[in-house]
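J.: A predicted structure for the sequence below; I have some questions about it.
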Amino acid sequence: MPRKTYAEIQDEIVRLQREAEEAREAELAEVIEKINKAIEVYGLRASDLNFPASNGVAPRGRRAAAAPRAGKRGGRKGAAAKYRDAQGNVWGGRGPRPQWLRDALASGKTLEDFLA
């Protein structure tokens, strides 16, 4: 069997990433459907499930965890991940775009597809 070229392997990676994302989205839809059904059947609320507050406000009866603070010697931390893919790759949106993101954009994805 002849050896694949670099370009062929890169094309295969892009294709497999696309397949993986499609599989993830299909599985995620099933999981969400099951969760919503259980919420309906059992009358669950977000506070029953210990969801973290998304707006910085703690649910009633719970205290919000203190945000970690950088000490005087901590220095500057990197930017929070603004873009993320299903494989765990992240990019803060500063500096040159990483290769995984450039490849995905070349395959037809948009930046909005990766917003964290």
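T.: Received it, and whenever you're ready, just let me know what you need.
J.: what is the lengthiest helix in the chain packed up against?
T.: The helix spanning the most residues in the chain, taking DSSP state H as the definition, is helix 6-42. Counting contacts by 3 or more C-beta pairs under 8 Å, 6 or more residues apart in numbering; DSSP states H and E, helix 6-42 packs against helix 99-106. (C-beta placed from N, C-alpha, C; glycine too.)
J.: which residues sit against the helix it packs on?
T.: Applying C-beta atoms under 8 Å, 6 or more residues apart in numbering, the external contacts of helix 99-106 come out as 10, 13-14, 17, 83, 85, 87, 89, 91, 97, 111, 113-114.
J.: angle of that helix against helix 6-42?
T.: 90 degrees (axes from the mean of the first three to the mean of the last three C-alpha atoms, to 10 degrees).
J.: in helix 99-106, what counts as buried?
T.: Neighbour-count burial for helix 99-106 flags 100, 101, 103, 104 (criterion: 16 or more other C-beta atoms under 10 Å).
J.: what's the answer for stretch 23-30, then?
T.: Residues of stretch 23-30 include none that count as buried (16+ other C-beta under 10 Å).
J.: can you give me the mean pLDDT across that stretch?
T.: The average pLDDT within stretch 23-30 is 93.
J.: I appreciate the help and will end here.
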